[in-house]
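Participant: compute the structure for the input listed below.
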Amino acid sequence: MDNNEYNNDFLGFNGKIGRKNYIINLLILTAIYIVTLLINLEGIKQYITYDFLYTTLYFVIDLFKFMVIIAILSVIYRRIADISNTDKRLITIFIILFLFPFFYLNWGYYLLNFIPPLVQILNAVTIFILLPLAFIVSISLAFIKSRN
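Facilitator: Presented below is the predicted three-dimensional model:
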């Protein structure tokens, strides 16, 4: 797919996405993620007699949450590509505000656990600065017109 073409799929990093489809896709994906967060497996654990089945179900739901987050990141990336026409500064903002917190919260926290002061600093920066900024930026992307 040419980078100048519009791509309204949920998952894909090629192409661009318009404001209307950005809002619709982001709302759908956010709702799906919130619903998966509300799933309480502890309540049904008493009905599942096999630990393997419970562990598998837990893994599948976590994998689904991971895929939804990747889809949200792809929608945001394509909206930034629609606005910027591959401007390096906006891609850097995407990496700092969206990719760094995603990788840190999923893997970095566990990999850096042997350095507690660094983990405390990165937790504070990620949770109190980067995530609120990412939330504000993702909402503001819905109101910015593309450069076409």
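Participant: hmm, who's touching the helix or strand of the chain with the lowest mean pLDDT?
Facilitator: The weakest-scoring helix or strand in the chain, judged by mean pLDDT, DSSP states H and E, is helix 41-44 (a mean of 77). Applying C-beta atoms under 8 Å, 6 or more residues apart in numbering, the set of residues contacting helix 41-44 from outside is 54, 57-58, 61. The way it works is simple: take the backbone N, C-alpha and C, and place the C-beta from them, glycine included.
Participant: try it again with 7 Å
Facilitator: 57-58 (C-beta atoms under 7 Å, 6 or more residues apart in numbering).
Participant: which element follows that helix toward the C-terminus?
Facilitator: Heading C-terminal from helix 41-44, the first helix or strand you meet, by DSSP states H and E, is helix 51-84.
Participant: residues touching L73, list them.
Facilitator: 98, 102.
Participant: and S74, how many neighbours does it have?
Facilitator: 20 (other C-beta atoms under 10 Å).
Participant: typo on my end, it should be I127
Facilitator: I127, neighbours per other C-beta under 10 Å, totals 13.
Participant: cool, A134 as well?
Facilitator: 21.
Participant: then L97?
Facilitator: By other C-beta under 10 Å, the burial measure for L97, its neighbour count, is 21.
Participant: over to K20?
Facilitator: If we define neighbours as other C-beta under 10 Å, then K20 has 10 of them.
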